[in-house]
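>>> Dropping the sequence and predicted coords here.
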Amino acid sequence: MTQLDTLQATTPQKPKLHPRVKALLRPGFLLGFFILSSSIILAVFPGAFAPYDPNAFDFMAIKQPPSWAHPFGTDNLGRDTLSRVIWAYQVDMQIAFFATFFAMVIGVIVGSLVAYHGGIADVLFGRVVDVTITFPFLVLVIAVVAVLGPGLTNMYVAVTLVQWVYYARLTRAEIMTQMTSDYASAGRVMGYSSPRIIFRHLLPNAMTPLITFWMTDMALAILLGSSLGYLGLGAQPPQAEWGVLIAEGRNFITTAWWMSLMPGIAIVLTGLGFSLVGDSLADVLRPRGAS
């Protein structure tokens, strides 16, 4: 053995990180985690960070540009834009969760049952999917909200009535893939009940794409909530919500551009946080060896 070989053999090797740990240390995930965790903190404790009351009028400071006193400027009623953007985190993060959670739960249950039992239920589900995807998602939601009336609760109902189909379709595809595996056949041979096979064995192995889709869907839910707020069908003034703030500033875009720009930046950053975390979780949860 040469002296070089001896030196290489005695040199301590750096421990190799697990691929999933590497995925969590990527700049994309770290940036997304920082944005998302900051958004959650602002949503839970807005009063600790907002310098002013979001609904307090100050007619001596109407449409003031960004300054040290008002970093995001003020609106047409003298309200501090930074405070309203921060308090809007509470509403928009609520929209991100409630507009997707119930749709996901219903879709996962329906998709799992349809995939496992098949038959007439699967045929009927296919017709429901065909009808739903025929129309643009936003058009269907606006139609339902127009019938129910504006407001956050009605918006959650409208999104759930439409969005569960997409979760159910994805769940059905994943469960049917898992049903071809050996462990699913073994469960049936051993006499396990259908609920046990579905919810204890099949569904946990099909959750990776569902979690990724849910993270992305929460980003889209914020865009949807802001769009409906802008149209007057979501959150209602004077409640601070990013779409409402943009709508309030549209008539002053040339004289008070910050009224619409600042909440728009908040929408983009929060959506970016959800997307980056979702992409990283897909890499972490993806089975090793999958492309």
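Looks like it arrived, so ask away.
>>> which residues does the nearest residue to residue 151 once chain neighbours are set aside contact?
Closest residue in space to residue 151, ignoring its immediate chain neighbours: residue 236 at 6.7 Å, by C-beta to C-beta, 6 or more residues apart in numbering. Just so you know, the C-beta spots here come from the backbone N, C-alpha and C atoms, and that holds for glycine as well. By C-beta atoms under 8 Å, 6 or more residues apart in numbering, the residues touching residue 236 are 150, 151, 244.
>>> show me where pLDDT drops low in the protein?
Applying pLDDT under 70 to the chain flags the ranges 1-24, 286-291.
>>> So which bits of the longest helix seen in the chain are buried?
When the chain is parsed with DSSP state H, its longest helix is helix 81-117. For helix 81-117, the neighbour count (16 or more other C-beta atoms under 10 Å) marks 81-96, 98-104, 106-116 as buried.
>>> Counting neighbours, what do you get for residue 157?
Counted with other C-beta atoms under 10 Å, residues neighbouring residue 157 total 17.
>>> sorry, back to before: and the longest helix of the chain, what does it pack onto?
Judged by 3 or more C-beta pairs under 8 Å, 6 or more residues apart in numbering; DSSP states H and E, the packing partners of helix 81-117 are helix 27-44, helix 120-134, helix 152-178, helix 207-231, helix 242-249, helix 258-285.
>>> What residues of the longest one count as buried?
So the one you mean is helix 258-285. Buried residues in helix 258-285 (16+ other C-beta under 10 Å): 258-264, 266-267, 270-284.
>>> that older thread, mind checking how far the longest helix of the chain is from the chain centre?
Taking C-alpha atoms, centre = their mean, to the nearest Å, one finds the center of helix 81-117 at 7 Å from the center of the full chain.
>>> tell me the most buried of the helices and strands packed on helix 81-117?
Of all these, helix 242-249 carries the top mean neighbour count, a mean of 25, counting by mean count of other C-beta atoms under 10 Å.
>>> now that one and helix 207-231, what's the angle there?
For helix 242-249 against helix 207-231, the angle by axes from the mean of the first three to the mean of the last three C-alpha atoms, to 10 degrees is 20 degrees.
>>> Centre of the chain to helix 242-249, how far?
The answer for helix 242-249 is 21 Å, by C-alpha atoms, centre = their mean.
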